[in-house]
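> I would like the atomic coordinates for the input below:
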Amino acid sequence: MTLPHAPASPAGADRTFQVDLRGLVDLLSHHLYSSPRVYLRELLQNAVDALTARHGLAPGAAADAFGIRLYADGSVVRVEDDGVGLTEADVHTFLATIGRSSKRAMGVPPAEPIRGWGKVAEQRADFIGQFGIGLLSCFLVADEIHVVSRSARTPDAPAVEWRGRGDGSYTVRTLPATARPRPGTTVTLTPRADAGEWTRPVEVQALARHFGSLLRHPVTFDDGAGGPAAPVNPEPAPWARGYPTPGARSRALAAYGEEVFGFTPLDTIELDLPAVGLKGIACVLPEAVPAGRRHGHRVHVKGMLLSEQAEEILPEWAFFVRCVLDAESLRPTASRESLYEDDTLAAVRDALAERLRGWISRTAASDPELLGRFLQTHHLAVKSLAVHDDEILRMLLPWLPFETTDGHATLDEFARTHRTVLVTSSVEEFRQVAAIAGAAGLGVVNGGYTYDRELVHRLPEIRPEIAVADLDPGTLTAHLDPVDRETELAAAAYLAQARDALVVFDCDVALRTFQPASAPALLLDSREARHERTRSQLAREQQGGVWGDILGHLRQEAPRAQLILNQLNPLVRTAVSIDEPELARTSAEALYGQAAMLSRRPLRPAESSLINRSFLDLLAHALRKDS
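You can find the predicted model right below:
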């Protein structure tokens, strides 16, 4: 296959590229194909395309009239088909020319058939392979490819033998018709010693089943041991079989999904897109997966396995299913191990997404128990879809679970007891206020998780009688009961000392009464408020510089944190009566530190230092008092 050196030509004359076949094979093995095992897929593919063309010559023939036979005994690997075969001219044109596919029209008018390894490529879409490089994959496991073929187009056509070698040379000779009594093609490989991993009989049989289990033509395997040939694809695809009842069909499809993926599906969704000849199933995963983690799907093209990791066939939000698909019109890449991104693939992806939405709709309408199990497992996937899909939003938002002050509940359950729904902007804020808000009768939803805040704010679109608002410190403090004037005056001195002690944290201190009484203090301090105070501090430190001017223009009155002391708590009642200034400051710092830890937000270094210092100071005070 290496072109001979061209003779010297005049300056400026066109020249022909020279092809180093060994270098090309190395390129294929390291950069195009994922593994040497693809050699068998390419041979099966060529055989299937040859059978497709043979049926084109005999359209009335039964589907199983022609077949493929594999043989491997450890010394040779042989693939024989009853396809349309090759003439001597075809051999020279296609087997000896890299990149020229007998299945690609190459500009020839449609009325003129394109011949090759036995295919009449009037319709390029009828064939799996289209790039003219598949046969080279055989050099990944062998140094020589031996082909014997006889054309079905001419009744008395002779047999043709072609031997291609890894050094780029090849020979062609005509054989008598008796060398191959029937039309078709036989490819024989003598494996190299280092290719035994891929050419042992048991491995060849496993590869044939792996790649060809859904092929529509009969394929058999013979290991040379004298026994009968074993069928590689004894049954059609499960969705192509007949079943006595719909229940039997559902169970068969679920069993096939479990066989392929290794898990029992929560449910099985049958997929059918006649426009592109696509059929298959989507298996709903029984366990939750991380958001955005896309599973690979098992995609066949015309029955031949293309990829087990085809992520691009479904949208990103559909990470709760894994699919097995067989399609007629999807276009493979040159390696035939993934799908080519084109308009057809985009349309298929959109259509499959619509089928998944339809399944969710039907389940919501007819099987509440299954819907509940599905949402409990895959609520994050559904939330991501509901954000952009109004139909799914209206249908499922009331049923989606959220973290609330009433525990984990659906919005439908939560709205029955709370006509005003408050939502936090972060998990941290929810944890700060959950216990206090719940005791005060406020209905608060944790909006800090992905999609939750946006979805809760859309609840009035479905339930107009429900009001939704963001929770802010002012809303919560307005629901905390003030202390009587006499108590507030008695605590004024302590509160002033506490404010002075906590000024470094931009924290105000107030005295209220709230439940539960076991909570001594509540720290209200949003992430946005902390960021604003940090920016204001930077502006003060950078005054006079360019950066300081920029921050100065951005600066606004920084919101302060609030430490709310609970007058119902015995510890607080004792603290506000302290008349020793240093002990009062230390107790205020300790209450701040404890409230900061209960908020579960990350502590700043100064806060960690304050907690340690206040604890040691209180311990030292207690020891001095005891002595």
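
> ramachandran coordinates for V301?
In terms of degrees, to the nearest 10, the main-chain angles of V301 are phi -120, psi 110.

> low-confidence stretches in the stretch 351-500 of the chain?
Scanning the stretch 351-500 of the chain for pLDDT under 70 picks out the ranges 473-474.

> in it, which spans are strands?
For the stretch 351-500 of the chain, the strands defined by DSSP state E, counting those that start in this stretch occupy 401-404, 407-410, 420-423, 444-445, 467-470, 481-482.

> so which of the ones you listed comes closest to P234?
Proximity to P234 (CB to CB) singles out strand 401-404 among these, at 45.3 Å. Yep, even glycine has a C-beta here, placed from its N, CA and C like the rest.

> can you list the helices and strands that the closest one packs against?
helix 368-386, strand 407-410, helix 411-417, strand 444-445 (3 or more CB pairs under 8 Å, 6 or more residues apart in numbering; DSSP states H and E).

> and the first one, what does it pack onto?
Right, helix 368-386. For helix 368-386, the packing partners by 3+ CB pairs under 8 Å, 6+ apart are helix 343-366, helix 390-396, strand 401-404, helix 452-456.

> what's in contact with it?
Helix 368-386 has contacts (CB atoms under 8 Å, 6 or more residues apart in numbering) with 266-267, 284-288, 291, 317-320, 357, 360, 363-364, 392-393, 396-397, 399-401, 450-452, 455.

> ChimeraX command to pick out the buried ones of the residues you listed?
The ChimeraX selection below is limited to those of the contacts of helix 368-386 classed as buried (16 or more other CB atoms under 10 Å):
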select :266,267,284,285,317,318,319,320,357,360,363,364,392,393,396,397,399,400,401,451,452,455
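
> still on that earlier bit, single out the most deeply packed of the strands of the stretch 351-500 of the chain.
strand 444-445 (a mean of 27; mean count of other CB atoms under 10 Å).

> using CSV, lay out the strands of the stretch 351-500 of the chain together with distance to V260.
Shown next, in CSV, are the strands of the stretch 351-500 of the chain (distance: least, CB to CB, whole Å):
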stretch, distance to V260
strand 401-404, 30
strand 407-410, 34
strand 420-423, 42
strand 444-445, 40
strand 467-470, 44
strand 481-482, 62
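
> among these, which comes closest to A225?
Judging the strands of the stretch 351-500 of the chain by CB to CB, what sits closest to A225 is strand 401-404, at 58.5 Å.

> name the surrounding residues that touch the closest one.
Counting by CB under 8 Å, 6+ apart, 375-376, 379, 408-411, 414, 430, 443-446, 449, 452, 456 sit against strand 401-404.

> got it, and stretch 240-259?
Taking contacts as CB under 8 Å, 6+ apart, the residues outside stretch 240-259 that touch it are E235, P238, W239, T264, P265, T268, E270, K279, I281, C283, R322, V324.

> I'd say the fourth one and L285 touch.
Read that as T264. No: between T264 and L285 there is no contact under CB atoms under 8 Å: 10.2 Å.

> so how far is L314 from the closest residue to D389 other than its chain neighbours?
Residue nearest to D389 in three dimensions, not counting chain neighbours: R357, with 6.9 Å by CB to CB, 6 or more residues apart in numbering. Computed as CB to CB, to the nearest Å, the R357 to L314 distance reads 12 Å.

> give me the buried positions along stretch 150-163.
Buried-residue list, stretch 150-163, by 16+ other CB under 10 Å: R150, S151, A152, R153, A157, P158, A159, V160, E161, W162.

> on that earlier part again, return the residues in contact with the residue nearest to D389.
L385, D389, E391, I392.
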